[in-house]
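> Return a 3D structure for these sequence lines:
(chains A, B and C)
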Amino acid sequence: MSAKPRIRLPGSVTIGDVIEIKTLIAHPMESGVRRNTDGTLVSRLLLHTFEAKFEGREVFRAALHTGTAANPFISFCMKVPGPGEFEFTWVEDGGARTIERVALKVS
Amino acid sequence: MTDRRTLIMGLSAMAAWTGCAGPATAQRGPRDIQAVVRTLVGDATPVAGGISLDLPEIAENGNTIPYTVRVESPMSDADYVKAVHLLAPANPHPQIVSFFFTPQSGKASVSSRMRLAQSQEVVAFAEMSNGAVYTAKQSVKVTVGGCGG
Amino acid sequence: MKNVRQKACAAAFVFASAFGGTGQAQQGGGDPIERELDTYRSMMKSDPWSNPGMLDVDRGEALWKTPAGPSNVSLDQCDLGLGPGKVDGAFATLPRYFVDADRVMDVEARILWCMEKLQGFDRVKLLTRPHPSAGMPVKVLGAIATYVAYRSNGRSFSATFSHPKEREALALGETLFFRRTGPMDFACSTCHADSGKRIRLQPLPFFSKPDEARKNLGEWPAYRVSTAHVMTMQHRIYDCFWQMRLPEVELGSDVSIALISYLVKQAEGGQINIPGMKR
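Numbers count the residues shown, from 1 in each chain, chains lettered A, B, ... in the order given. Purely as a prediction, here's the structure:
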């Protein structure tokens, strides 16, 4: 059973606030240059893209490379345009996607 | 520079796991990243400044190094930060990450974690919506464990 | 005698420091390198939410609540010492004697017991390679232990060691902590010898001093940056034994529980704050 990504949104927000969104996902971010103890190369396997959409529109995106640490933590900002739903997508080498949807409550 | 590679067998296998490279990689000088930079920001001449790169001066382990990168900008439709690129010239692959913002971002500020193979100068480039490119750099000393050392 | 021990420790462990490590056990604390490293450490610890170990806390919670094993039940009837299914605060009272098992158990030995007796898992399989290798996440038992420990956050270590078997475990643990053995003639106390010692850049808590035990023990299980996974206390002890070139410690063995008992007693009153963040 692998862990669900963690997402942290602030509790109560108002339209116009610039909020911080935190995300954390378990992933080895295998760089492809590491070797096993028997000398063979461990194949590259990265999460290469992180996308944050709000109400269907891209707000923020990250292209992750081998220089990004395992278990990627990404914290970024958004100016709140109104209530709505976030869709966070992590894309792995090979195309596998992890998608999380979280509602943003606006007072 | 002290020779880092006097590792006792067994202990080195234990301690040498990193996300970055295998055991006992040679210390490399920073590679020429100009070609990579050109593919990222085109032919614009980067101007020093404008980017705040918050990194510890020494990392206890090169595997995971926390940072915050910030570019001051109104983040309006007319004037915003399009992208921030981070590079580690002395890593086996120099690219760390690229962040892409929109005016909806509100602030061009991101926190994350990088991995560094060895002590080096991390380089940042920020692309603005008006075509300007800024650059900044920050030295990080990486001690044990960066990439097998 | 102390100098001989220091040199033995130095000879066996490498100080591949970038700052001219001489091979001596470094005195930490006041030196400028320690202070600069504190910036790194405090940046890593500044946001507990973002500790990757929290992913294993979440995973452990799901594993506790999800039916599993041949018996297809969850662990919600597992008695960690405060009654079946009562998780809050249980870790803080361990190790303790359990009547049904007729032995003293730490959190991992107890979860192993519940996985075996309630869920029907094969004990031998659970004890085979129970700890993750570098880069792999903590395994099922360890993830559950991390969750259980997390549910005692903010509480203090309060195991009473009042039962005769608990006292016996404690006495054994103290003896083992100081007993030199194996090909290197090491005891735990060889490296955990004094305040301010470190191996490479890893500070070594001086567990014989309750103050240091209190500050350190509550951080385990901890996310270890160097291996990118959570390490539990059973794994920590297993790894120490490996480093001392001693035989493999079995998860939940009397030896491991005895040592954990000693550490917990030393850390009595110390706060639990899981998961820790370590090099």
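
> For chain A, which segments count as strands?
For chain A, strands defined by DSSP state E occupy the ranges A:6-8, A:18-24, A:47-54, A:57-64, A:73-79, A:84-92, A:97-104.

> Run through chain C and note the low-pLDDT ranges.
C:1-30 (pLDDT under 70).

> For the residue of it found nearest chain B, the count of nearby residues, please.
Here chain C gets closest to chain B at one residue, C:A134, 3.3 Å apart by CB to the nearest CB. Heads up, the C-betas are built off the backbone N, CA and C, glycines and all. Look at C:A134: counted by other CB atoms under 10 Å in any protein chain shown, it has 18 neighbours.

> and it, what element?
When elements are assigned from DSSP states H and E, C:A134 belongs to no helix and no strand.

> Now for the residue in the stretch 101-250 of chain C positioned nearest to chain A: which residues touch it?
Going by CB to the nearest CB, chain A is nearest to C:A228 of the stretch 101-250 of chain C, at 4.3 Å. Residues in contact with C:A228, defined by CB atoms under 8 Å, 6 or more residues apart in numbering or on different chains, are A:28, A:69-71, B:19, B:63-64, C:52, C:134-135.

> Quick one: these as a markdown table, columns for distance to A:D93 too.
Formatted as a markdown table, those follow (distance: CB to CB, whole Å):
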| residue | distance to A:D93 |
| --- | --- |
| A:P28 | 12 |
| A:A69 | 17 |
| A:A70 | 14 |
| A:N71 | 16 |
| B:G19 | 15 |
| B:N63 | 20 |
| B:T64 | 20 |
| C:P52 | 20 |
| C:A134 | 21 |
| C:G135 | 16 |
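
> Narrow the residues you listed to those that are buried.
A:28, A:69-71, B:19, B:63-64, C:52, C:134-135 (16 or more other CB atoms under 10 Å in any protein chain shown).

> for chain B, what spans make up the strands?
Going by DSSP E, chain B shows strands at B:47-48, B:51-54, B:58-59, B:65-71, B:81-87, B:95-101, B:108-114, B:120-128, B:133-142.

> Please identify the most buried of those strands.
A comparison of the strands of chain B by mean neighbour count, using mean count of other CB atoms under 10 Å in any protein chain shown, puts strand B:58-59 on top with a mean of 26.

> quick one: is that one near chain A?
No: Strand B:58-59 is not in contact with chain A by CB under 8 Å from any CB of the partner chain; minimum separation 10.6 Å.

> what mean pLDDT does that strand have?
Taken as a whole, strand B:58-59 carries a mean pLDDT of 92.

> what do you get for stretch A:77-89?
Mean predicted confidence for stretch A:77-89 is 97.

> List the contacts of residue 70.
Since you didn't name a chain, this refers to chain A. Here A:A70 is in contact with A:27-29, B:19, B:63-64, B:115, C:52, C:135, C:228 (CB under 8 Å, 6+ apart).

> wrong one, I was asking about chain C
Counting by CB under 8 Å, 6+ apart, C:P70 has contacts C:119-121.

> Now which of those residues would you call buried?
Buried among the contacts of C:P70 by 16+ other CB under 10 Å: C:119, C:121.

> Please flag which of the contacts of C:P70 sit within strands.
Among the contacts of C:P70, no member falls in strands (DSSP E).

> Pick the one among the contacts of C:P70 closest to B:P94.
Distance to B:P94, by CB to CB, is smallest for C:F121 among the contacts of C:P70, at 46.5 Å.

> Ranked by average pLDDT, which of the strands of chain B falls at the bottom?
strand B:58-59 (a mean of 92).

> Now do that one: which elements does it pack against?
For strand B:58-59, the elements it packs on are strand B:133-142, helix C:32-45, judged by 3 or more CB pairs under 8 Å, 6 or more residues apart in numbering or on different chains; DSSP states H and E.

> ok, and does the longest one reach over to chain A?
Read that as helix C:32-45. No: on the criterion CB under 8 Å from any CB, helix C:32-45 is out of touch with chain A, staying 10.4 Å away.

> other SSEs contacting that helix?
Looks like helix C:32-45 contacts strand B:58-59, strand B:65-71, strand C:276-278 (3+ CB pairs under 8 Å, 6+ apart).

> rewinding a little: reformat the helices and strands packed on strand B:58-59 as CSV; add distance to A:E20.
Formatted as CSV, the helices and strands packed on strand B:58-59 follow (distance: least, CB to CB, whole Å):
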stretch, distance to A:E20
strand B:133-142, 22
helix C:32-45, 16
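
> I figured A:S43 hits A:E30, correct?
Yes: between A:S43 and A:E30 there is a contact under CB atoms under 8 Å: 6.7 Å.

> who has more neighbours, those two?
Ranked by neighbour count (other CB under 10 Å), A:S43 and A:E30 place A:E30 first, with 18 against 10.

> list the contacts for that one?
A:42-46, B:19, C:135.

> Equivalent analysis for C:V249, please.
Applying CB under 8 Å, 6+ apart, the residues near C:V249 are C:234, C:237-238, C:241, C:255-256.

> Please apply the same query to A:G56.
A:E87.

> how near is it to B:Q34?
A:G56 is 38 Å from B:Q34, where distance means CB to CB, to the nearest Å.

> ok, now C:L118?
Distance from C:L118 to B:Q34, by CB to CB: 62 Å.

> Which one's more surrounded, those two?
Shown here are C:L118 and B:Q34; by other CB under 10 Å, C:L118 has more neighbours (19 against 8).

> thought the more buried one was touching C:Q77?
Yes: contact criterion CB under 8 Å: C:L118 and C:Q77 qualify, at 6.0 Å.

> Does anything pack onto the longest helix along chain B? Which helices or strands?
What stands out as the longest helix in chain B, according to DSSP state H, is helix B:34-41. Judged by 3+ CB pairs under 8 Å, 6+ apart, helix B:34-41 is in contact with strand B:81-87, strand B:120-128.

> at 7 Å instead, please
When contacts are defined as 3 or more CB pairs under 7 Å, 6 or more residues apart in numbering or on different chains; DSSP states H and E, helix B:34-41 packs onto strand B:120-128.

> For the contacts of C:P70, please prepare TSV with the additional fields distance to chain A.
Shown next, in TSV, are those (distance: CB to the nearest CB, whole Å):
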residue	distance to chain A
C:Q119	14
C:G120	18
C:F121	15
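
> Find the nearest non-adjacent residue to A:F50, please.
Excluding the flanking residues, the one nearest A:F50 by CB to CB, 6 or more residues apart in numbering or on different chains is A:A62, at 4.4 Å.

> swap in B:V81?
B:A108 (3.7 Å).

> Equivalent analysis for A:E92, please.
A:L47 (5.4 Å).

> for that neighbour, what are its contacts?
A:27, A:29, A:64, A:72, A:90-92 (CB atoms under 7 Å, 6 or more residues apart in numbering or on different chains).

> from these, which would you call buried?
Buried, going by 16+ other CB under 10 Å: A:27, A:29, A:64, A:72, A:90-91, out of these.

> Mind picking the two most distant members of these?
Most distant of those, by CB to CB, are A:M29 and A:V91, 13.1 Å apart.

> Against A:L46, how distant is the residue sitting furthest away from the middle of chain A?
Going by CA atoms, centre = their mean, the residue of chain A most distant from its centre is A:D38, 33.0 Å out. A:D38 sits 23 Å away from A:L46 when distances are taken as CB to CB.

> And for C:F91?
From C:F91 to A:L46 the distance is 35 Å (CB to CB).
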